[in-house]
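Student: predicted coordinates and the sequence they were generated for:
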Amino acid sequence: MKKRLNKLILIVDDEKDIRNLVSFNLKKAGFQTLLASDGEKAIRETRTHYPDLIVLDLMLPGINGHDACRVLKGDPKTSKIPILMLTARGEEADIIKGLEIGADDYVTKPFSPKVLVARVKALLRREEEIDLGSDGKLVYGSLEIHTGKREVRTNGDLVDLTFSEFQILFLLASHPNWVFTRNQIIEEIRGENYFVTDRAVDFQIVGLRKKLGRDGQLIKTVRGVGYRFYFEK
């Protein structure tokens, strides 16, 4: 697939006014947009056009936003596309559920169009920083983190991580033995104004450890503070 001059954003919302509002502001910021009104169409458009990012509502007819996200994140061809959930459901349980199935950011309605555009830019910028980074690898025993390819392998086996899980692992592993508070992890991964709880960070760490298997033991909990990546040479 050829690299686009302008990033393509898929906007999924069953409310026409919201779709048009988000599209107008993203176009004004220099993006291309593609619109979908339900989860089934969102999956179909994603698999057809492979957008650079998806703005996804949760309350959708037919296939809801959570299920659409789960399908796309479970497909190797679309799993790396960042998903920003835009929804009126802003309870902690909803945010944690969204993060659990692979959402990369979470904005609640009513929202500021300027803040939404800033979040979209931040997600795309973080993805590019990883994709365009060094082609070298971070190697810790059986764990390999390839920053250029954005790949993680343990004992030679490829580990399928979400965008956020890779960001957290790369942050910790690139500063071995440094202690990061939960707030520092949130600021580094999602920006200073991202609303998320300590519990959500803990949940992401649990999932990351599980996927890494024995290498997950390298991520240590520092009681009452946060986490660190501990490796003895």
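Tutor: Cool, the structure landed.
Student: pick out the residue nearest the middle of the protein.
Tutor: Nearest to the mean C-alpha position of the chain, by C-alpha atoms, centre = their mean, lies Asp104 at 2.4 Å.
Student: now the end-to-end length of stretch 208-225.
Tutor: Stretch 208-225 has an end-to-end distance of 19 Å (C-alpha to C-alpha, to the nearest Å).
Student: residue contacts, Val152?
Tutor: 143-146, 158-159, 161, 166, 169, 212 (C-beta atoms under 8 Å, 6 or more residues apart in numbering). (C-beta placed from N, C-alpha, C; glycine too.)
Student: likewise for Asp14?
Tutor: 37-38, 57, 59-61.
Student: what two of those are the furthest from one another?
Tutor: Ser37 and Met59 (11.9 Å; C-beta to C-beta).
Student: with neighbour numbers in mind, choose between the two.
Tutor: Neighbour totals were compared for Ser37 and Met59, and Ser37 leads with 18 against 14 (other C-beta atoms under 10 Å).
Student: what sits closest to the more buried one if chain neighbours are left out?
Tutor: Asp14 (5.4 Å; C-beta to C-beta, 6 or more residues apart in numbering).
Student: relative to Gly39, how far out is that neighbour?
Tutor: 9 Å (C-beta to C-beta, to the nearest Å).
Student: identify the contacts common to those two.
Tutor: The contact sets of Asp14 and Gly39 overlap at 60-61 (C-beta under 8 Å, 6+ apart).
Student: list phi and psi for the residue nearest to Lys121 when sequence neighbours are not counted.
Tutor: Nearest residue to Lys121 in three dimensions, chain neighbours excluded: Ala29, at 7.3 Å (C-beta to C-beta, 6+ apart). When read as degrees, to the nearest 10, the backbone of Ala29 gives phi -90, psi 0.
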